[in-house]
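A.B. asks: model the structure of this input:
(one chain, ligands or ions: 3)
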Amino acid sequence: SDAVTLSGLTAWIRGFAALIDAHKEELTQLDSAIGDADHGTNMDRGMTAVLAALDGDEYPSSAALFKKIGMTLVSSIGGASGPLYGTFFLRFGSAAGDNDAIDAEALAAALRAGLDGVVARGKAEAGDKTMYDALAPAADALDKELAAGAGLGHALQAAADAAEKGRDATTPMLARKGRASYLGERSVGHQDPGATSAALMMRAAASALG
Ligand code: ADP
Ligand code: MG
Ligand code: MG
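C.D. replies: Ligands and ions are numbered 1, 2, ... in the order given. Model (predicted):
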């Protein structure tokens, strides 16, 4: 099936960094309602460091590329999102493996592995009002579309749509993980910042890899 090359994967990450830059005020605004008003600056600092790492070196394999991305995010983002996105990309890279191209099924498996890493790290479940609520529907949609025989482009559009729907569905949720959980009932009625950045990551994937 459709191959995703190392340059495609790099374009995805550059696209994600560009979307974070374009939406950083919005992400921080969302975090000011139910957190500590730093999600946009956290993600922008992390993705700016990732861009510097991409510009500074050649990465021979998906595993090497995503190991660097994950470690850069862990070391440059102070907040909860650093280890969570860092683990996502480290696991994504391990699953993608020591090669310079992966097929659609391997991409879906890598996304699933990344999601499992987020859960291993943060113990979020469906409905806890976190990035999980955007990422899990995206992984499910990607698997479902590919199993039904869809091409990668169509499947990734469906995954990005599912992530945005999952993001929107966080608004009425009561936060059960992270800083927002300290607010209890007062977290209801606000869109989760991490689910919002995760939806941007999936939209960037659909744009770059579809
Ligand atoms: P911090 O809360 O440390 O300031 P950020 O503001 O950068 O970190 O990130 C907050 C986001 O992290 C939340 O909106 C939520 O989506 C996500 N998050 C927090 N805790 C968890 C967790 N345990 N599992 C999954 N995602 C989480
Ligand atoms: Mg925050
Ligand atoms: Mg913080």
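
A.B. asks: list the contacts of the nearest residue to T10 once chain neighbours are set aside.
C.D. replies: Distances taken as CB to CB, 6 or more residues apart in numbering put L54 closest to T10, at 6.2 Å, once the chain neighbours are dropped. Where you see a C-beta, it was placed from the backbone N, CA and C, and this is true even at glycine. Neighbour list for L54: 10, 13-14 [criterion: CB atoms under 8 Å, 6 or more residues apart in numbering].

A.B. asks: now do the SS call for L54.
C.D. replies: Using DSSP: H, G, I helix; E, B strand; the rest coil, the structure places L54 in helix.

A.B. asks: gap between it and A159?
C.D. replies: 23 Å (CB to CB, to the nearest Å).

A.B. asks: for this protein, what lies in contact range of ligand 1?
C.D. replies: 31, 35-36, 38-39, 42, 79-81, 84, 118, 122-124, 130-132, 177-179, 192-195 (CB under 6 Å from any ligand atom).

A.B. asks: just the buried ones out of these, please.
C.D. replies: When those are checked for burial by 16 or more other CB atoms under 10 Å, the buried set is 31, 35, 38-39, 42, 79-81, 84, 118, 122, 124, 130-132, 177-179, 192-195.

A.B. asks: closest one of the contacts of L54 to ligand 3?
C.D. replies: Closest approach to ligand 3 among the contacts of L54 (CB to the ion): I13, at 22.8 Å.
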